[in-house]
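Undergrad: One predicted model, sequence on top.
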Amino acid sequence: MIIAEVKLPEKDAEMILKVISKLGGKVKVIDNEAPKLSAAGKKVKRELEEAFRDIKLHQEGKIKLKTAQELLDEL
């Protein structure tokens, strides 16, 4: 038996994996693209996603962000 590691584009993977299975091969899908995050890492990711959403809304003119001076005044 031959064991092979194959990296496939996501759009083609499903079809190719079905063909391998129909030919009698065993398929094990390993997703190395998304690393596991710690609780702190998840929090940082969530906060960054929120910040990027705010930037996008600001660029679209839907919200107004505080200036650096306004942030300093709060301190």
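TA: Received it, and whenever you're ready, just let me know what you need. Keep in mind that what you see is a predicted model, and the values were worked out from it rather than measured. Numbers count the residues shown, from 1 in each chain.
Undergrad: show me where this protein has strands.
TA: Shown for the chain, no strands are assigned by DSSP state E.
Undergrad: Low-confidence bits of it, can you list those?
TA: The model of the chain has pLDDT under 70 over residues 32-34.
Undergrad: quick one, longest helix in it?
TA: Ordering each helix of the chain by length in residues (DSSP state H) puts helix 39-59 first.
Undergrad: so how far is that helix off the chain centroid?
TA: The chain centre lies 13 Å from the centre of helix 39-59; the measure is CA atoms, centre = their mean, to the nearest Å.
Undergrad: same thing with stretch 60-75?
TA: In terms of CA atoms, centre = their mean, the centre of stretch 60-75 is found 28 Å from the chain centre.
Undergrad: what comes into contact with it?
TA: 54, 55, 57, 58 (CB atoms under 8 Å, 6 or more residues apart in numbering). Every C-beta, even on glycine, is put in place using the N, C-alpha and C of the backbone.
Undergrad: distance between the ends of that stretch?
TA: Here the two ends of stretch 60-75 are set 28 Å apart, with distance taken as CA to CA, to the nearest Å.
Undergrad: swap in stretch 53-67?
TA: 17 Å.
Undergrad: for that stretch, which positions count as buried?
TA: For stretch 53-67, the buried set under the neighbour-count rule, 16 or more other CB atoms under 10 Å, is empty.
Undergrad: one step back: let me have the contacts of stretch 60-75 in a markdown table, extended by distance to residue 37.
TA: Below are the contacts of stretch 60-75 laid out as a markdown table (distance: CB to CB, whole Å):
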| residue | distance to residue 37 |
| --- | --- |
| 54 | 21 |
| 55 | 22 |
| 57 | 25 |
| 58 | 27 |
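Undergrad: Which of these sits closest to residue 13?
TA: When the contacts of stretch 60-75 are compared for distance to residue 13 (CB to CB), residue 55 wins out at 33.1 Å.
Undergrad: ok, the closest one to residue 63 distance?
TA: Separation of residue 55 from residue 63 (CB to CB, to the nearest Å): 10 Å.
Undergrad: again with residue 51
TA: 12 Å.
Undergrad: can you check residue 4 too?
TA: Residue 4 is 50 Å from residue 63, by CB to CB.
Undergrad: Good, we can wrap up now.
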